[in-house]
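> just to be clear, the model below is a prediction. Sequence and coordinates:
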Amino acid sequence: MSSRPNFLIILADDLGYSDTSPYGAEISTPTIQKLADEGVRLTQFHTASMCSPTRSMLLSGTDNHIAGLGQMAEFLGPLKGKPGYEGYLNDRIAALPAVLKESGYETMISGKWHLGQTKEQAPSSKGFDKVFSLLQGGGNHFHIVLDTANNPERPIFRNTYDVGKQEPFKTLAELPEKSYSSDYYVDKLLEFLSGRDVGKPFFAYLPFTAPHWPLQAPKEIVEKYASVYDSGPGVLREKRLKAQVELGLLDDGVEAFPLTGGKEWSEMSDEEKKFSAKTMEIYAAMVERMDWNIGRVVEYLREKGELDNTFIVFCSDNGAVCRGPFIVAYILLSVLRIN
């Protein structure tokens, strides 16, 4: 067993600052809470305002413009292709997994990439030995559908188990029918960890797609949050603000910025209130399930005697997001599915 430390980076997708218990949430996140209690809770850690720019900085150690993601590829417009706006993790930087691989680390990723979709831009070309990755920015969480038949130029999942023995850029034909994204990403990561060379230290990257839209979670977890959000976002925000003051994260007397951009809770119909509360119940369930899956990885490392030799970093790529009318259809589908 190597004496050099292992590294595990866990990245949530569109997780709000106060959506875990160490930062005042009512959502059950015991694994993240334990990591915070036994480690260091960062209160001056800042990301970019959007997804792939943050990921490019995280995996390059440079400004996102230097790394090629001055903005998400989907929003580059006329800037696309210009220096700093290539729309993928470019070759001007030394990617973290490539640097660690050169230093003798075994590198692996299971989860969302969103840093390029061609073979040359994929994780296996940026230093990752073992890869199970969603190349694009988002997708279903339940029974993930591969769209390669309809759009072969934009594949979703690519897989590399062993670059030396297998085609390093292979499209998966199918996934288990009852798979859920957070569960399956951890299943694959544990598979990679259990099959690794124990003589080498490892760098593992676990970028979840939760709680990014579409809002979908196992029904039994959603039911745990029934009625929790029936008082509306204003009341929830005040509760979390109070919790953050008690945790020492904010000074007493801090006032929250006024809610804007939507109806006041008091002006909503009963159906609108029910819909709003249900979306938050599903969101909370997604966060709780992600936490449970992180616990699976931590417990595995503990059982293998690797936990004390592993640096674990948990963060989000940006804050919670709502994309207005665009997200409503996805939420509605999820609510109908849960019901």
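Done, it's in. Residues are numbered from 1 along each chain as shown.
> C-alpha from now on. contacts and neighbour counts both.
Will do.
> okay, Arg337: pLDDT?
Looking at Arg337, its pLDDT is 33.
> the nearest residue to Ser28 once chain neighbours are set aside - how many residues pack around it?
Nearest non-adjacent residue to Ser28, counting by C-alpha to C-alpha, 6 or more residues apart in numbering: Glu288, 5.7 Å away. Neighbour count of Glu288, defined by other C-alpha atoms under 10 Å: 25.
> against Val254, how distant is Glu288?
Distance of Glu288 to Val254, given as C-alpha to C-alpha, to the nearest Å: 28 Å.
> repeat for Asn293
Distance of Asn293 to Val254, given as C-alpha to C-alpha: 34 Å.
> which of these two has more neighbours?
Applying other C-alpha under 10 Å to Asn293 and Val254 shows that Asn293 carries more neighbours, namely 19 against 10.
> going along the chain, name the strands of the stretch 101-250 of the chain.
106-112, 130-134, 157-160, 170-171, 202-207 (DSSP state E, counting those that start in this stretch).
> any chance of the ones you listed in TSV with mean neighbour count and distance to Pro123 as columns?
Listed next are the strands of the stretch 101-250 of the chain as TSV, based on neighbours: other C-alpha atoms under 10 Å; distance: least, C-alpha to C-alpha, whole Å:
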stretch	mean neighbour count	distance to Pro123
strand 106-112	26	8
strand 130-134	25	7
strand 157-160	24	9
strand 170-171	15	12
strand 202-207	24	11
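> helices of the stretch 201-339 of the chain, start to end?
Secondary structure of the stretch 201-339 of the chain (DSSP state H, counting those that start in this stretch): helices at 219-222, 233-246, 270-303, 325-338.
> for stretch 20-30, how far is the first residue from the last?
Start-to-end, stretch 20-30 (C-alpha to C-alpha) is 9 Å.
> pLDDT of stretch 29-37, averaged?
Here the average pLDDT along stretch 29-37 is 97.
> same thing with stretch 139-146?
The average pLDDT for stretch 139-146 rounds to 70.
> hang on, the earlier thing: the residue nearest to Ser28 touches Ala25, doesn't it?
No - contact between Glu288 and Ala25 fails when scored by C-alpha atoms under 8 Å: they sit 11.0 Å apart.
> returning to what we had before: what pLDDT does the model give the residue nearest to Ser28?
For Glu288, pLDDT reads 98.
> contacts only, for it.
27-29, 221 (C-alpha atoms under 8 Å, 6 or more residues apart in numbering).
> so which of the helices of the stretch 201-339 of the chain gets nearest Thr310?
helix 270-303 (8.3 Å; C-alpha to C-alpha).
> quick one on the thing from earlier: neighbour-wise, which of the contacts of Glu288 leads?
Of the contacts of Glu288, with other C-alpha under 10 Å as the count, Thr29 tops at 22 neighbours.
> correct me, but that one touches Tyr23?
No - taking contacts as C-alpha under 8 Å, Thr29 lies outside contact range of Tyr23: 10.5 Å.
> and Val235, how many residues sit next to it?
13.
> number of residues surrounding Val99?
Applying other C-alpha under 10 Å, we find 14 residues neighbouring Val99.
> might one say that Ser181 is in contact with Leu134?
No - the pair Ser181 / Leu134 is not scored as a contact, 10.1 Å apart, by C-alpha under 8 Å.
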